[in-house]
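In: requesting a structural model of the entry that follows:
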Amino acid sequence: MPGYIEDRWTKAGPVDPKTNKPTRVPTSLYGKCKRYRVAGIPGVRQRSFDRKADAEAWKTKVQADLLRGEFVDHRDGNITLSDYVLGEYWPTKTGDPGTLHTVETRIKARILPFLGDQHLNAIKVPQLRKYLADLDARYGPASIIEAWGTLSTILQAAVEDEKIPKNPCLAKTVRPPSKPERKARAWSRERVMAVRAGIDDRFKLMVDLGVGAGLRQGEAFGLSVDDIEDDVLHVRRQVRVVRGSMVFSMPKGGKTRTVPLPRHLAARVAEHVATFPPLEVTLPWTDPAPPENARQAAERAPQQHRLLITGERRQGALRRAVFNQGPWKRALAAAGVIPQPVPPPRSADQKARRARGNVKYAAAPDDGFHALRHTFASVLLDARESVVAVSKWLGHADPSITLKIYAHMMPDADGRGRKAMDKWFEGDF
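Out: Below you'll find the predicted structure:
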């Protein structure tokens, strides 16, 4: 294998007449730099050392790594994490625009402010321990786990780009906090009815769709009157916000599905349509950014759908944040799920201008719209509906996901298993 070690402090001098051997004389670099330089290895930059033994060891390791195809020059990691992410890693990322926006926001808020100035090859376990401590002072476990996963993905990409030899996030002695277990919690029928009674009339169908068909919030926002067919409901799209703009996109997981339509839910859909006629809404598909080529223009072409659920002033599709902080929180407060807010003191003129008041409601992390979806699942599982069928109607990628989330909602064994085994032993099975 090519390669040699050069002594930068001395060079060959005249032959010593007494020993008949060449002498070594100082060079102009004597005492000014590291003495021994490894050079002559194709594709590997030169590197200098103070001790010859260190130079020999490094040359041997590099030659062995090259033979195995595993050589990584650590100096390639002499680039800051920020420069690597913004200049090399992120520009090559592709995928769902909404997901990309979420990850980009996470990187800029929870990773780069803490580690952006660090060089890739300087990010080691001690730096990661401090990073986790800094996050712990500001965020909860779920946010820390998300940031840690994204950082690990970035550093693994740096490994594969041959910037660093290994991913320090995989070290056994540094780990993010464990995510607290939060079991899905279904509502009682009384609570569902109380919230439905307290919500604005034009949004009562939202409650019906969540508890009667297991729709996610964005899927209910994107439901068209044309998606209702006989005794089934087709879940074909959702409304979501991407970089501040609303778009239509595929349901979560990128799959459409069909859900049975109970006759009571069908009647409520018909009642809603009669009272609040569907509104034709036009939104871009998937990505609101202007297309840069013909393919993007075709993929992002706006779509029109006659939506069942629209904004309070019927001006277009409903935004998640507007619904959650307005009609939904008001309904929770009216039902006694969360306390009624105490409005800030205002003058008489302010009260006249804002009859409802600009009040802040209490947080309700366990009582969001998703609780209705949990209730849908619990009712079906309690009725001993097949987990495979429930998984399909919920739009889960695999029944194991349904079991993981809702196993605690399944009814306890009632003795049928024991009776079956008795029959088996008796030969009557």
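In: ok, Ser82 - contacts?
Out: When contacts are counted by CB atoms under 8 Å, 6 or more residues apart in numbering, Ser82 touches 112, 116-117. All C-beta atoms are positioned from the backbone trio N, CA, C, and that covers glycine.
In: now those as CSV including secondary structure?
Out: Below are the contacts of Ser82 laid out as CSV (DSSP: H, G, I helix; E, B strand; the rest coil):
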residue, secondary structure
Leu112, helix
Gly116, coil
Asp117, coil
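In: just the buried ones from those residues?
Out: Using 16 or more other CB atoms under 10 Å as the burial test, these include 112, 116 as buried.
In: out of the contacts of Ser82, who's nearest Val359?
Out: Leu112 (35.5 Å; CB to CB).
In: what mean pLDDT does the strand or helix carrying Val25 have?
Out: Element membership of Val25 [criterion: DSSP states H and E] is strand 21-26. Averaging pLDDT along strand 21-26 gives 87.
In: contact partners of that strand?
Out: By CB under 8 Å, 6+ apart, the residues outside strand 21-26 that reach it are 7, 9-16.
In: ChimeraX command for the buried members of these?
Out: Of the contacts of strand 21-26, the buried ones go into a single ChimeraX selection, burial set by 16+ other CB under 10 Å:
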select :9,11
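In: check the contacts of strand 21-26 and tell me the two furthest apart.
Out: Once CB to CB is applied, the contacts of strand 21-26 give Trp9 and Val15 as the farthest pair, at 20.1 Å.
In: and stretch 6-19, end to end?
Out: With CA to CA, to the nearest Å as the measure, stretch 6-19 spans 24 Å from end to end.
In: what is the distance between that stretch and the centre of its chain?
Out: 64 Å (CA atoms, centre = their mean, to the nearest Å).
In: tell me the helix or strand right after the least confident helix or strand in the chain by mean pLDDT.
Out: Ranking every helix and strand in the chain by mean pLDDT, DSSP states H and E puts helix 348-353 at the bottom, with a mean of 56. Note on helix 348-353: by DSSP H and E, the next helix or strand toward the C-terminus is helix 370-382.
In: so what's Thr275 scoring on pLDDT?
Out: Per-residue pLDDT puts Thr275 at 95.
In: typo on my end, it should be Arg314
Out: Per-residue pLDDT puts Arg314 at 66.
In: swap in Met421?
Out: Met421 is given a pLDDT of 70.
In: and it, its phi and psi?
Out: phi -70, psi -40 (degrees, to the nearest 10).
In: that one: neighbour count?
Out: The tally of other residues near Met421 (other CB atoms under 10 Å) stands at 11.
In: who's in contact with it?
Out: So Met421 contacts nothing (CB under 8 Å, 6+ apart).
In: would you mark the buried spots in stretch 93-111?
Out: 96-98, 100, 103, 106-107, 110-111.
In: so of the residues you listed, which ones are in helices?
Out: For the buried residues of stretch 93-111, the ones inside helices are 97-98, 100, 103, 106-107, 110, with DSSP state H as the criterion.
In: and of the residues you listed, the nearest to Val337?
Out: Closest to Val337, out of all of those and judged by CB to CB, is Gly98, at 28.9 Å.
In: give me the beta-bridge partners of the closest residue to that closest one other than its chain neighbours?
Out: In space, and not counting its chain neighbours, Gly98 is closest to Val242: 4.6 Å by CB to CB, 6 or more residues apart in numbering. Counting by DSSP bridges, Val242 is bridged to Ser245.
In: what distance do you get for the residue nearest to Lys93 when sequence neighbours are not counted to Tyr36?
Out: Distance criterion CB to CB, 6+ apart; nearest residue to Lys93, sequence neighbours excluded, is Leu100 at 6.2 Å. From Leu100 across to Tyr36, the span is 48 Å (CB to CB, to the nearest Å).
In: can you check Glu88 too?
Out: 33 Å.
In: ditto for Asp226
Out: Asp226 is 77 Å from Tyr36, where distance means CB to CB.
In: the two - which one has more neighbours?
Out: A side-by-side neighbour count of Asp226 and Tyr36, using other CB under 10 Å, places Tyr36 first with 21 against 12.
In: contact partners for the closest residue to the more buried one other than its chain neighbours?
Out: Nearest non-adjacent residue to Tyr36, counting by CB to CB, 6+ apart: Ala55, 4.0 Å away. Neighbouring residues of Ala55 by CB under 8 Å, 6+ apart: 5, 36-38, 48-49.
In: didn't the residue nearest to Gly98 look like it was pressed against His101?
Out: Yes. Look at Val242 against His101 with CB atoms under 8 Å: they come within range, at 5.8 Å.
In: what touches both of the two?
Out: With CB under 8 Å, 6+ apart, Val242 and His101 have no common neighbours.
In: all strands of this protein, in order?
Out: Secondary structure of the chain by DSSP state E: the strands cover 4-7, 10-16, 21-26, 36-39, 47-49, 228-229, 232-235, 238-242, 245-249, 257-260, 279-283, 303-307.
In: just put those strands in a markdown table and tack on distance to Ala157.
Out: Output for those, formatted as a markdown table (distance: least, CB to CB, whole Å):
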| stretch | distance to Ala157 |
| --- | --- |
| strand 4-7 | 34 |
| strand 10-16 | 44 |
| strand 21-26 | 47 |
| strand 36-39 | 29 |
| strand 47-49 | 25 |
| strand 228-229 | 45 |
| strand 232-235 | 34 |
| strand 238-242 | 24 |
| strand 245-249 | 26 |
| strand 257-260 | 33 |
| strand 279-283 | 33 |
| strand 303-307 | 34 |
